[in-house]
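Peer 1: Could you look at this predicted model? Sequence included:
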Amino acid sequence: MAPSGEITGPYATLTIDTDEIAQCRFGEADASYAQLSSSMGSTFALRNTATVHLDTQGAKTYFLRCQDVYGNAMGASSV
């Protein structure tokens, strides 16, 4: 899913909906779930969100991966 609209402030909210209860992580570089630099919270949920500070202008890309309650992580990132 790609972003829509234009962000005019210094913050953006990343949101990912999953089809099973999961914990999600994200980062600016593609990596495995365990190696992604930031967590989207400490609880398992169907919707995970995180607010990010946009410290530079221009396009930003974030890579997201989730892991279910059994420890099964996504094999590829969602961008």
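Peer 2: That came through fine. Numbering: from 1, shown residues only.
Peer 1: got the residue ranges for the strands in the chain?
Peer 2: 11-27, 38-39, 45-53, 63-68 (DSSP state E).
Peer 1: Would you mind listing the residues in contact with M74?
Peer 2: With contacts defined as Cβ atoms under 8 Å, 6 or more residues apart in numbering, M74 is in contact with 33, 65-67. In this view, the C-beta of every residue, glycine as well, is placed from N, C-alpha and C.
Peer 1: Including neighbour count, distance to S42 and pLDDT, could those go into TSV?
Peer 2: Converted to TSV, those look like this (neighbours: other Cβ atoms under 10 Å; distance: Cβ to Cβ, whole Å; pLDDT from 0 to 100):
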residue	neighbour count	distance to S42	pLDDT
Y33	19	15	96
R65	24	16	96
C66	23	14	96
Q67	17	13	96
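Peer 1: any idea which of the strands of the chain is most buried?
Peer 2: The highest mean neighbour count among these, using mean count of other Cβ atoms under 10 Å, belongs to strand 63-68: a mean of 20.
Peer 1: who does it touch, helix- and strand-wise?
Peer 2: On a contact count with 3 or more Cβ pairs under 8 Å, 6 or more residues apart in numbering; DSSP states H and E, strand 63-68 meets strand 11-27.
Peer 1: Just want the angle from the strand it packs on to strand 63-68.
Peer 2: 60 degrees (axes from the mean of the first three to the mean of the last three Cα atoms, to 10 degrees).
Peer 1: Let's test this: mean pLDDT of strand 11-27, rounded?
Peer 2: Averaged across strand 11-27, the pLDDT comes to 93.
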